[in-house]
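A.B. asks: Sequence first, predicted model second:
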Amino acid sequence: QVQLVESGGGLVQPGGSLRLSCAISGGSVSRFVMGWYRRGPGKVRELVARIHFDGDIDYADSVKGRFTASRDIPKKTVGLQMNNLKPDDTAVYYCNANRLDTRGREEDYWGQGTQVTVAS
């Protein structure tokens, strides 16, 4: 069974930085499309960044140039470096692992989430 555990959230002032990490067990970060999502207060869940099988990374327009996603295959982790944080970045951040199995069925796993609060 695949499990995802996020860490690294917290309280930071506007303009500050945080780094989130997601550790996977029961699988490899290179065998899934690994995503970072967030849900802000009163908002729907949105994609923040997504790392494809080949290592290409997509970002939401709202975080381009500020956030950097990465993966470390041997360490079985993905990271999200967040710089120049804004109050609008306040949200619970979730790690996701997604793929289709050999029968074409979707495998979709979520971490428990980690709170990021940007406030002065």
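C.D. replies: Received the coordinates, thanks.
A.B. asks: Tell me, what's the model's pLDDT at residue 104?
C.D. replies: If you check residue 104, the pLDDT there is 89.
A.B. asks: That should have said residue 101, apologies.
C.D. replies: Note on residue 101: pLDDT of 89.
A.B. asks: do you know how far it is from residue 107?
C.D. replies: 6 Å (C-beta to C-beta, to the nearest Å). To be clear about C-beta, it is placed using only N, CA and C from the backbone, and glycine gets the same treatment.
A.B. asks: Return the backbone torsion pair for the residue at the greatest distance from the centre of the chain.
C.D. replies: The centre of the chain is farthest from one residue, residue 103, which by C-alpha atoms, centre = their mean lies 26.6 Å away. In terms of degrees, to the nearest 10, the main-chain angles of residue 103 are phi -100, psi 10.
A.B. asks: Now do the same contact list for the residue positioned nearest the centre of the chain.
C.D. replies: Closest to where the C-alpha atoms of the chain average out (C-alpha atoms, centre = their mean) is residue 36, at 2.2 Å. Residue 36 makes contact with 20, 22, 47-50, 69, 78, 80, 93-96 under the criterion C-beta atoms under 8 Å, 6 or more residues apart in numbering.
A.B. asks: okay, residue 101 and residue 107: which has more neighbours?
C.D. replies: More crowded of residue 101 and residue 107, by other C-beta atoms under 10 Å: residue 107, with 13 against 8.
A.B. asks: doesn't that one fall inside a helix?
C.D. replies: No. With DSSP: H, G, I helix; E, B strand; the rest coil as the criterion, residue 107 is strand rather than part of a helix.
A.B. asks: Make CSV out of the contacts of residue 36 and add secondary structure.
C.D. replies: Below are the contacts of residue 36 laid out as CSV (three-state DSSP):
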residue, secondary structure
20, strand
22, strand
47, strand
48, strand
49, strand
50, strand
69, strand
78, strand
80, strand
93, strand
94, strand
95, strand
96, strand
